[in-house]
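Undergrad: need a structure here:
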Amino acid sequence: MKKTIAFCCLILCFSFSLTMLGQQVTFQKTFGNSRAEESAYAIIQATNNSLYLGGIAQPDTGRSQCLLIKSSLSGEQIWLKQYGYPGYHSFTYSLIQSDSKLLLCGDIKTETGECDAMLICVDTTGQLMWQKSYGIPSLNESLKNIKLLPDGGFIACGFITETRDNDPQNDILVMKFSPNGELIWQQAYGFENNDYADAIEVVDDGYVLTADVKQSSLERNDYDIYVMKIDTAGNLMWDIIVGDELENGCQSATISSSGDFMVVGESTGAEGPAFDLTVVRVNSAGGLVYFKNIPVSGADAGFSIAEFKPDTFLITGYSNSNSKGSNPLDVLLSIIDGQGNELSRDTPTKETFYAAGKAIENGDSQAILIGGFNSVLNGINHTGNGGKLKIYPQPASSRFFIQWPNSLLDGRISLYNTEGGKIWFENLLPSGEVVLPPTLQSGVYLAEIIVKTGVYHQLISIQNPD
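TA: Have a look, this model is predicted:
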């Protein structure tokens, strides 16, 4: 019997105490249809008391489109619109509001994997005002996070593919724009191996951003968390690498009311392959305040962090601790104090896969989350699919194929279980054929594809014959 994996946008609103979480879900809404896969990566509560969700719509046939949904504060859909460039896949990863305009940032990709950064500007009714792409020939650029500047311009971060010794690697990319989307400057940062930025914040004298970096000098093949500050012209002011002997990843960050930089993500667990929730605090001078893992019996990953009162933070993500490391994944809600101590946690949804994404505050002791319904995510190195990667057939049994033109040479595929544990890996063949180990059990896995153009993920269903 075939298993079907469905994808759709999820909004979850819940009420909670600032010191103790409860299980009072105010409403839960999903958006999507059977002809496309929809995922939401960004959410804002606009000044007109509406919610806007930004993400990706991937139809069964045709190219991916930028997705924008407007809903009421109670989660009732008002409209759904898609945007993009003819002949390209288009993706949205971040969303902000500027006066009466909404700005979506992401990238556009060709069928052969060439990628340019992208900005789309619409009004609050969804009417397209302008869209622009930015790129250097023969290089790939993508924007993951964007923030509004005091002068009405924008600052964004992501990655750019640079070639060193004939070996393409991703570097951190920062781009600064005028209010009408004209590029003012761009700058690349990073080390010898794969680096990419996850979040950027605006401070009085510049910008602070967090990234995942892999350093060859560490004598190991793992990622660590990188926090850096640049001035308004893009010059490096300070930086710090945070990590341990395990693999560490970051997903989101915020500036605390005291001016410190709070980062949330995950680390591979010391007692096994499962992830532990990770929190990092760096002060305004670049000094490490703390680096903490919060171990549990299963797997936890943090995808968003928000300060709801001074030195009290709400973290959202996923967890399978309740199921002792097996399905399902639940939405994780965790409240920590300023020292990184967990005050309370809750997993308010059961019996299905969830991945909580960004959180925003909505009135007194309420928050609204977005994410994916029936989706599995591995937080570390998660840079998305990019829409051009196809795995078939599904479900697979003894083998499957990866369809990805011109990108399969000198790459590697890894499979992760729902604990986040890496259970198998193998170098990619030019044909795209992947032969699975006969001991692999039936189930849903996350396939991680690492090639020279980046790190990509896609779910795969494995069903062995009885």
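Undergrad: Next, count neighbours for F303.
TA: The local packing count at F303 equals 25, with neighbours defined by other Cβ atoms under 10 Å. (C-beta placed from N, C-alpha, C; glycine too.)
Undergrad: and it, that's in a strand?
TA: Yes. When classified by DSSP: H, G, I helix; E, B strand; the rest coil, F303 is found to be part of a strand.
Undergrad: can you give me the strands for the stretch 301-450 of the chain?
TA: 312-319, 330-337, 342-346, 354-361, 366-373, 390-392, 399-403, 412-416, 422-427, 433-435, 443-451 (DSSP state E, counting those that start in this stretch).
Undergrad: what distance separates the third one from the centre of its chain?
TA: Its chain's C-alpha centre and that of strand 342-346 lie 23 Å apart, by Cα atoms, centre = their mean, to the nearest Å.
Undergrad: Adjacent strands (with direction) for it?
TA: strand 330-337 (antiparallel) (DSSP bridges).
Undergrad: As a markdown table, the strands of the stretch 301-450 of the chain with mean pLDDT and mean neighbour count would be great.
TA: A markdown table is the format used below for the strands of the stretch 301-450 of the chain (pLDDT from 0 to 100; neighbours: other Cβ atoms under 10 Å):
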| stretch | mean pLDDT | mean neighbour count |
| --- | --- | --- |
| strand 312-319 | 86 | 25 |
| strand 330-337 | 86 | 23 |
| strand 342-346 | 87 | 17 |
| strand 354-361 | 59 | 24 |
| strand 366-373 | 67 | 24 |
| strand 390-392 | 71 | 15 |
| strand 399-403 | 76 | 16 |
| strand 412-416 | 80 | 19 |
| strand 422-427 | 79 | 13 |
| strand 433-435 | 83 | 14 |
| strand 443-451 | 74 | 20 |
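Undergrad: nearest residue to L173 other than its sequence neighbours?
TA: With Cβ to Cβ, 6 or more residues apart in numbering as the criterion, L173 has its nearest non-adjacent residue at 4.1 Å, and that residue is I160.
Undergrad: now E141
TA: Nearest one to E141, counting by Cβ to Cβ, 6+ apart, is A117 at 4.2 Å.
Undergrad: just checking, that neighbour touches I136?
TA: No. Look at A117 against I136 with Cβ atoms under 8 Å: they stay out of range, at 10.0 Å.
Undergrad: Quick check: G286 vs T278, distance?
TA: Separation of G286 from T278 (Cβ to Cβ, to the nearest Å): 19 Å.
Undergrad: Compare these two (neighbour count), which wins?
TA: Taking G286 and T278 together and counting by other Cβ under 10 Å, T278 has the greater number of neighbours (30 against 15).
Undergrad: The host helix or strand of the more buried one versus strand 312-319: what angle between them?
TA: Element membership for T278, per DSSP states H and E: strand 275-282. Between the axes of strand 275-282 and strand 312-319, defined by axes from the mean of the first three to the mean of the last three Cα atoms, to 10 degrees, the angle is 150 degrees.
Undergrad: Strand 275-282 to strand 412-416, inter-axis angle?
TA: With the same axes, to 10 degrees defining the directions, strand 275-282 sits at 110 degrees from strand 412-416.
Undergrad: And strand 275-282, what does it pack against?
TA: Applying 3 or more Cβ pairs under 8 Å, 6 or more residues apart in numbering; DSSP states H and E, we find strand 275-282 packed against strand 224-230, strand 236-242, strand 248-255, strand 261-268, strand 288-294, strand 300-309, strand 312-319, strand 330-337.
Undergrad: Including distance to L429, could those strands go into TSV?
TA: Rendered in TSV, the data for those read as follows (distance: least, Cβ to Cβ, whole Å):
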stretch	distance to L429
strand 224-230	31
strand 236-242	35
strand 248-255	28
strand 261-268	27
strand 288-294	37
strand 300-309	31
strand 312-319	32
strand 330-337	37
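Undergrad: domain parsing for this structure?
TA: Dividing the chain into domains by automatic domain parsing, as the record does, gives the ranges 8-373, 390-462.
Undergrad: Let's test this: mean pLDDT of the strand or helix carrying C66, rounded?
TA: Assessed by DSSP H and E, C66 sits inside strand 65-71. Across strand 65-71, pLDDT averages out at 90.
Undergrad: which residues touch the first helix or strand past that strand going along the chain?
TA: Past strand 65-71, further along toward the C-terminus, the next helix or strand under DSSP H and E is strand 77-83. Residues lying outside strand 77-83 but in contact with it, judged by Cβ atoms under 8 Å, 6 or more residues apart in numbering, are 29, 31, 50, 57, 65-72, 90, 104, 120, 122, 126, 128, 131.
Undergrad: Send me strand 77-83 as CSV with only the CA atoms.
TA: Below are the C-alpha coordinates for strand 77-83, written out as CSV (Å, rounded to 0.1, in the frame of the first residue of the first chain):
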residue,chain,number,x,y,z
GLN,A,77,-7.9,33.2,4.6
ILE,A,78,-8.7,36.4,2.8
TRP,A,79,-6.6,35.8,-0.4
LEU,A,80,-3.8,33.7,-1.7
LYS,A,81,-1.5,34.9,-4.5
GLN,A,82,1.6,33.6,-6.3
TYR,A,83,4.4,35.5,-8.0
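Undergrad: Off-centre distance for that strand?
TA: In terms of Cα atoms, centre = their mean, the gap separating the centre of strand 77-83 from the centre of its chain is 22 Å.
Undergrad: in it, what counts as buried?
TA: Buried positions in strand 77-83, judged by neighbour count with 16 or more other Cβ atoms under 10 Å: 77, 80-83.
Undergrad: Just give me the closest of those residues to P438.
TA: For these, the residue nearest P438 by Cβ to Cβ is Q82; the value is 42.5 Å.
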